[in-house]
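Student: here you go, sequence then predicted model.
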Amino acid sequence: MRKTQWKKWGSLALSLLLLASLAAGCGGDAKPSGELSLYTWDGMFPQEILDGFEEETGIRVRYSNFDYDEDMLAKLEETEGKDYDLVIADDYIIELVIAEGLAQKLDTSKMENYKNLNPVFMSQFYDPNNEYTVPHGAGIPLLVYDPALTDVEITGYEDLWNPALADNIALTANYRVINGIALKVMGESYNTEDLDVLQAAGEKLLELAPNVRVINDSNTQDFIISGEAAVGFLYTSQVYLAMTARPDLKLVLPKEGLGFGIMASFLPSQAPNPDAAYAFLDYINRPENAAKCFEFLGYYCTNKAAESHISEDMKELLVLPEDAAAGEIVQNISQEAEDLHSEIWNQFRDACG
Amino acid sequence: MGNKSSPKTRPPWLLLAPMYAFTILFVALPILYMFLLSFLTRAEVWGVEFQFTLANYKRILEPLYLDTFLESFRLALISTALVALIGYPYGYFMAKMSPAWKKRMLLLIMIPFWTSALIRLYGWIIVFRSNGVLDSLLMGLHITGEPLKLLYTYPAVVVGMVYALLPFMILAVYSSAEKMDWSLVEAARDLGASSRLAFWTVTFKMTLPGLLSGVVLTFIPSMGLFFIADLLGGNKIVLVGSVIQEQLTKGRNQPFAAALSAVLMVLTVLMIRLYRRITGASKLEGLV
């Protein structure tokens, strides 16, 4: 009897202790209002940068992450743009966020380092007057191949159709980008809404099916590194990983033209602590900090002043050559065209199997 | 303290209320929401518009999506047949073992469940990939000369499905074979039946409910286990599950995803009814 009572009081005391420590954790901070609620994909910043920011400003970073841009938009709609101070996401979804009125206009005077940004990656379709966004990295899907596994010399998308590459290509799984290969070979735009053109691209794409070894959206570089496939059509971050792991691989900027995507930061319409967001944007765009971010992230550097701070051996992969800058961004298109894209894609996948 | 209040002061529905609330909130409402959603129109930019349409269901009738259903059905059928072929004898012989061995065998089936299914599938990737475990073994034994491409093929997907679903079949067959009265088999043998005839007329019929519930437990999940096809098949086999996922995310077409889910669900219900019919009938045959 006494034993059970002891247990009861003991557990009660323990839970009180826990509660007290919890309260202490909440209220005991030096600057209770200094919190930045950051919402983006997992692993966007090196720990060094997050720690450095906290140390310098005393603002604590609360990092929440999403897997898909669409999840982010759904969340912002749900909270009416209230919960987060800063969001980093892809270009096309930001267009929707702005259209829905879920982003707020920037006060660029609050960011000393705003001038460091590379104008090549600004004034894009999703924010033509740079009112809402700050670019944070650009991705360009590129071809990487292993010259030891194939004799085909690859210079562009066209070469992927070469029968010598049968069962030897690894692709990412973004259908707008993959269907885009066929569109580019035909000399068309990624964003065409002409259904006949799309139909023709779909047929062209089906001819590629016998050459496809695997379709995988994450860690696609592994197939090239391990020799499972000779050619890979990879996202920028994957290109970066493949080329650092195997410098003997060859990198191809397809001659048909580049497609690119830009990631950008914006402040949700009712961000609770916009000043923290500005402080963070300013911190990560300081040239030496930005260089660290991009060396970690493996995306093309969108900060002009940071380029000279990027280490020599990474420059080829992180700094876009001046002449290559004319790429086309994948944008939102009409419903009919989007549906057709998705159908073409599933037909293609089916034909690969 | 609790003894003082008589049972009458507490109406019985109050005790059941949490269960009803739970079922309504987490089972009935989501399903209702899904069916409702499947009749709505996708909004121009994002989300849905409250405008009734049958277009989502009409779209499923396009050859592409019918093919997807057929493909899912085919893979489920092949996997289920193989699972039954391996799982039935396994469960049957397990039921005939000594209690100590039964425990050991059961443990062997349960242990893999302690690891996430996804991680176990990555194990299969290591086995199947070029220059992987199986490939090296075949080359070491001089059966094959150069690295094979075993991964990202149809057979690799089937192996993954069979591996993931086998325990459900084994446990279902085992539990019905375990409950069986083996003296009935002895009686059949006493009355002159050959061991084969005794198996088909007595044992098989009495374990049929187990086999069929194993089939249901295998077939239904295998319609939805698209991540196996994605991982081991290299995304090259399009199943209904992966189309639903894609429509919800990249396709931004929630109503169409809901319509696909609704059709999948109706098919599942039909399967379960079929199972009830067959087992109900077999039970009568077995007893009379």
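Tutor: Okay, I see it.

Student: from here on, contacts and neighbour counts on C-alpha atoms
Tutor: OK.

Student: near residue A:336, how many other residues are there?
Tutor: 12 (other C-alpha atoms under 10 Å in any protein chain shown).

Student: now it: how far from chain B?
Tutor: Residue A:336 sits 11 Å away from chain B, going by C-alpha to the nearest C-alpha, to the nearest Å.

Student: skipping adjacent residues, who's closest to residue A:353 in space?
Tutor: residue B:236 (4.4 Å; C-alpha to C-alpha, 6 or more residues apart in numbering or on different chains).

Student: can you tell me how far that neighbour is from residue B:152?
Tutor: Distance from residue B:236 to residue B:152, counting by C-alpha to C-alpha, to the nearest Å: 8 Å.

Student: got it, and residue B:230?
Tutor: To residue B:152, residue B:230 is 9 Å away according to C-alpha to C-alpha.

Student: which one's more surrounded, these two?
Tutor: Neighbours per residue (other C-alpha under 10 Å) separate residue B:230 from residue B:152, with residue B:152 holding more: 24 against 20.

Student: got any ranges where the chain has weak pLDDT?
Tutor: Chain wasn't specified; assuming chain A. Applying pLDDT under 70 to chain A picks out residues A:1-33, A:323-326.

Student: my question was about chain B, not that one.
Tutor: The model of chain B has pLDDT under 70 over residues B:1-9, B:44-46, B:280-288.

Student: quick check: bridge partners of the residue in the stretch 151-300 of chain A that chain B sits nearest to?
Tutor: Relative to chain B, the nearest point of the stretch 151-300 of chain A is residue A:214 (4.5 Å; C-alpha to the nearest C-alpha). Going by DSSP bridges, residue A:214 is paired in beta bridges with residue A:170.

Student: what count of nearby residues applies to it?
Tutor: If you count neighbours by other C-alpha under 10 Å, residue A:214 ends up with 31.

Student: same question for residue B:19.
Tutor: Neighbours of residue B:19 under the rule other C-alpha under 10 Å: 12.

Student: what of residue A:116?
Tutor: A count of nearby residues for residue A:116, using other C-alpha under 10 Å, gives 16.

Student: for it, which non-adjacent residue is spatially closest?
Tutor: residue A:305 (5.1 Å).

Student: that neighbour reaches residue A:319, doesn't it?
Tutor: No: taking contacts as C-alpha atoms under 8 Å, residue A:305 lies outside contact range of residue A:319: 11.3 Å.

Student: on that earlier part again, Three-state assignment for the residue nearest to residue A:116, please.
Tutor: Assigned state for residue A:305: helix (three-state reduction, DSSP: H, G, I helix; E, B strand; the rest coil).

Student: distance check, it against residue A:283.
Tutor: Distance from residue A:305 to residue A:283, counting by C-alpha to C-alpha: 13 Å.

Student: likewise for residue A:227?
Tutor: Distance from residue A:227 to residue A:283, by C-alpha to C-alpha: 41 Å.

Student: looking at the two, which is more packed in?
Tutor: Higher neighbour count among residue A:227 and residue A:283: residue A:283, with 22 against 18, using other C-alpha under 10 Å.

Student: using the three-state scheme, assign the more buried one.
Tutor: The three-state label given to residue A:283 by three-state DSSP is helix.

Student: mind listing the helices for the chain?
Tutor: You didn't say which chain, so I picked chain A. For chain A, helices defined by DSSP state H occupy the ranges A:2-27, A:47-57, A:69-79, A:91-99, A:175-185, A:195-206, A:221-225, A:236-245, A:274-284, A:287-297, A:312-318, A:335-352.

Student: you answered for a different chain; I wanted chain B.
Tutor: Listed in chain order, the helices found in chain B under DSSP H are B:12-23, B:29-37, B:55-60, B:63-95, B:99-110, B:117-128, B:133-140, B:154-179, B:183-190, B:195-198, B:204-224, B:226-232, B:240-248, B:254-287.

Student: show me the one of the ones you listed that comes nearest residue A:149.
Tutor: Residue A:149 lies closest, by C-alpha to C-alpha, to one member of those: helix B:133-140, at 17.9 Å.

Student: what's the domain layout of chain A?
Tutor: Chain A breaks down by automatic domain parsing into domains covering A:32-138+A:261-320, A:142-257+A:328-352.

Student: possible to save the ones you listed as JSON lines with distance to residue B:175?
Tutor: As requested, these are exported to JSON lines (distance: least, C-alpha to C-alpha, whole Å):
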{"stretch": "domain A:32-138+A:261-320", "distance to residue B:175": "41"}
{"stretch": "domain A:142-257+A:328-352", "distance to residue B:175": "39"}
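
Student: and the gap between the most centrally placed residue in chain A and residue B:172?
Tutor: Centroid-nearest residue in chain A: residue A:263, 5.6 Å away (criterion: C-alpha atoms, centre = their mean). According to C-alpha to C-alpha, residue A:263 stands 51 Å off from residue B:172.

Student: again with residue A:147
Tutor: Taken as C-alpha to C-alpha, the span from residue A:147 to residue B:172 is 52 Å.

Student: and if you look at residue B:121?
Tutor: Applying C-alpha to C-alpha, the value for residue B:121 to residue B:172 is 23 Å.

Student: interface residues of the stretch 51-200 of chain B facing chain A?
Tutor: Residues of the stretch 51-200 of chain B lying close to chain A by C-alpha under 8 Å from any C-alpha of the partner chain are B:64, B:129, B:130, B:152, B:153, B:154.
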